[in-house]
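Engineer: Got a predicted structure here, sequence first:
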Amino acid sequence: MRSAPFLIAVLTILATTHAGAAERAVVLPPPAYDPPAASGGEQKLVVAGGCFWGVQGVFQHVKGVSRAVSGYAGGEKETAHYDRVSQGDSGHAESVEITYDPKEVSLGELLRVYFSVAHDPTQLNRQGPDVGTQYRSAIFVTSPEEEKIARGYIAQLSSAKAFSAPIVTRLEPLQAFYPAETYHQDYLIRHPAQPYIVYNDLPKIDNLKRLFPLRYRESPALTD
């Protein structure tokens with residue numbers, strides 16, 4: 001996914017990084033159906049949208065999110081490690097578990113950020129330079145209500161033709177979420193000058209700040 005040849009090639013195009021990538025964000029309406037959470041206390045949402053470095057980084061900067069953890073979902077415990085998932089046939093997707101306070105940010109608003117700036121939901125089994133089912137766009141639902149909100153928002157965006165291509169995001173039941181290795185956690189925060197991060201992920205943070213100024217927070221929610 002972040003191979004040496006790719007990183008070397010990226011060094012030659014850093015001058016156009018933010019100008020090129022910042023255009024990919026899409027301004028989206030809020031979900032028409034986004035009721036308050038039925039139960040109090042913190043809630044969790046697990047999503048996948050390409051390399052978990054960038055997705056985690058985006059949600060770490062969202063007000064109302066207390067924790068965002070990179071990990072794996074969709075496969076078995078025995079294969080929930082980076083070397084195995086990278087082979088592309090484990091069933092896992094690189095995912096992020098988002099812990100949030102529904103009194104501060106709703107599920108629908110998190111999904112709006114997810115579809116707008118965290119990834120491109122029209123890319124099938126890939127995001128940017130990363131290709132394979134482990135980079136699929138997916139929401140791992142844990143309840144009928146969560147599925148109803150997510151499915152309704154996808155239908156709403158599809159009907160409005162919010163994107164120039166069909167949304168391919170899958171809704172999958174969450175069996176389990178497995179945190180990724182320690183060196184993957186807070187990766188964007190700890191390696192802001194890494195070429196992959198500069199080209200692919202920092203523009204997502206810029207887009208979050210630009211399109212969601214009231215939702216953006218400067219200080220990220222770290223996993224430690």
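Structural biologist: The structure has been received and is ready for your questions.

Engineer: Tabulate the CA atom coordinates of the helix or strand where Lys204 lies in CSV.
Structural biologist: Here Lys204, judged by DSSP states H and E, is contained in helix 202-211. Provided in CSV are the C-alpha atoms of helix 202-211 (Å, rounded to 0.1, in the frame of the first residue of the first chain):
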residue,chain,number,x,y,z
LEU,A,202,-3.5,16.2,4.7
PRO,A,203,-5.8,17.5,2.0
LYS,A,204,-8.6,15.7,3.8
ILE,A,205,-7.9,17.6,7.0
ASP,A,206,-7.9,20.8,5.0
ASN,A,207,-11.2,19.9,3.4
LEU,A,208,-12.7,19.1,6.8
LYS,A,209,-11.7,22.5,8.1
ARG,A,210,-12.9,24.3,5.0
LEU,A,211,-16.3,22.5,4.6
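
Engineer: Report the distance from that helix to the chain centre.
Structural biologist: In this view, helix 202-211 has its centroid 13 Å away from the chain centroid, taken as Cα atoms, centre = their mean, to the nearest Å.

Engineer: Repeat that for stretch 211-224.
Structural biologist: On Cα atoms, centre = their mean, the centre of stretch 211-224 falls 14 Å from that of its chain.

Engineer: So which bits of it are buried?
Structural biologist: Neighbour-count burial for stretch 211-224, with 16 or more other Cβ atoms under 10 Å as criterion, is recorded at Leu211, Phe212, Arg215, Tyr216, Pro220, Ala221, Thr223. All C-beta atoms are positioned from the backbone trio N, CA, C, and that covers glycine.

Engineer: Out of these, which is nearest to His92?
Structural biologist: Proximity of the buried residues of stretch 211-224 to His92 (Cβ to Cβ) peaks at Thr223, which lies at 19.1 Å.

Engineer: Can you get me a residue count around Thr79?
Structural biologist: 17 (other Cβ atoms under 10 Å).

Engineer: With the flanking residues excluded, which residue is spatially nearest to Pro173?
Structural biologist: Once flanking residues are discounted, Pro173 sits nearest to Val141: 6.2 Å by Cβ to Cβ, 6 or more residues apart in numbering.

Engineer: and the longest helix anywhere in the chain, what does it pack onto?
Structural biologist: The residue-count maximum for a helix in the chain (DSSP state H) belongs to helix 144-159. Contact here means 3 or more Cβ pairs under 8 Å, 6 or more residues apart in numbering; DSSP states H and E; on that basis helix 144-159 packs against helix 107-113, strand 137-141, strand 170-173.
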